[in-house]
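*Asks:* I'd like to go over a predicted model; first the sequence, then the structure.
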Amino acid sequence: MLTVYLFSNNPEHTVDLSKIPSNTLADECDNIFNHHKECRIFFGFLEPGFMLDPKHEARIRKCIRKFDCHLICFHLESIPFSWKNEIVNVYSKDLKDGSTTTINDGSSVQHELQT
C-alpha cells in the first residue's frame, strides 16, 4: 500500500527512512522486509523516476506491496507504473495561488482543507 502526499507531511508512528541516501534506500528496505512482519514506512521526499535506479525501484516495491508506505512526491509522473498500482491515497492541499485543485468526489484522491 502506498500513500502519496503532494505537500510536506510526516506521518506519525512510522519507520523514518527520509534521511537515508537514495543509493542505500533499497538495502534498508530489504532489511525491513526480511525482519519485520508489520511496519509503516515513511520514505520522505522521493521522486522515484528521477532519484532511483530501476533495480532499486524493484527492490523497494517489495516493501510497498507488503507494508503501509508513505512518501512525498511533487511530480507524480516520476512514480513508476508498478508503484502506481499500489497507490491507495493521494493527498493534496488547496493552493492559494489559484492553481488546479483536486476534485473531491469520494474517490481515492482526498482533498485536505487548510486550517
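*Replies:* Yep, that arrived. Numbering: from 1, shown residues only.

*Asks:* quick check: beta-bridge partners of the residue at minimal distance from the centre of the chain?
*Replies:* Most central in the chain under Cα atoms, centre = their mean is residue 71, positioned 2.6 Å from the mean C-alpha point. Residue 71 has the following beta-bridge partners by DSSP bridges: residue 4.

*Asks:* got the contact list for it?
*Replies:* Shown in contact with residue 71 (Cβ atoms under 8 Å, 6 or more residues apart in numbering): 2, 3, 4, 5, 42, 43, 44, 45, 46. Where you see a C-beta, it was placed from the backbone N, CA and C, and this is true even at glycine.

*Asks:* any low-confidence regions in the chain?
*Replies:* Low-confidence segments of the chain (pLDDT under 70): 94-115.

*Asks:* how close does the residue nearest to the centre of the chain get to residue 17?
*Replies:* Noted for residue 71: a distance of 9 Å to residue 17, by Cβ to Cβ, to the nearest Å.
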